[in-house]
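Visitor: any chance you could fold what I've pasted below:
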Amino acid sequence: MKLLNRSSEEPEINLTSLIDVVLLLLIFFMVSTSFVREAEINIRLPEASSEPIDPPTGDVVEIGITATGNFLVDGRTLANNDRRTLRRAIETVMDERGFGARRDIPVIIRGDAESNLQSSTTAMSVAGELGFSSINIATVTLSDSP
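Guide: Okay, here's the model as predicted:
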């Protein structure tokens, strides 16, 4: 039996449809992508001066933060580090001093250098939630530190 030799043809790949699909995908992604920043956060950074200010005298609420993150309100250690406990302690100090709902009294936060940022943020947040507008952070200069 005699077999016929077939002529071998190179297979041909039609790239026209592939290029069409790629171009359509490119156009789709270009149209669907928004290059405009829709949500922009404006942050006003705090300012500090190198000139020392006189500490407030008289009526002041003092919140201390130890190196381990424990809170002290006017020198009294709190039972735990919960923000509700801190809030109740500040309200109690205000009631004991007879200030009641006054919120024009300055709050001074004295944090240990080894305390974490979360404790300081919690203290500032609670004071802000209670309506205090004058929240100060006590610092020392390098020449004053031991």
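Visitor: surely Ile109 is in a strand?
Guide: Yes: assignment of Ile109 by DSSP: H, G, I helix; E, B strand; the rest coil places it within a strand.
Visitor: partner residues bridging it?
Guide: When assigned by DSSP bridges, Ile109 has beta-bridge partners Ile63, Ile137.
Visitor: hang on, it packs against Phe71?
Guide: No: if you go by Cβ atoms under 8 Å, Ile109 and Phe71 don't touch, sitting 9.8 Å apart. Where C-beta positions appear, they are placed from N, C-alpha and C, glycine not excepted.
Visitor: tell me which element the residue positioned nearest the centre of the chain falls in.
Guide: Residue closest to the average C-alpha location in the chain (Cα atoms, centre = their mean): Thr121, at 8.6 Å. Using DSSP states H and E, Thr121 falls within helix 117-129.
Visitor: check which residues of that helix are buried.
Guide: For helix 117-129, a neighbour-count test (16 or more other Cβ atoms under 10 Å) marks 119-120, 122-124, 126-127 as buried.
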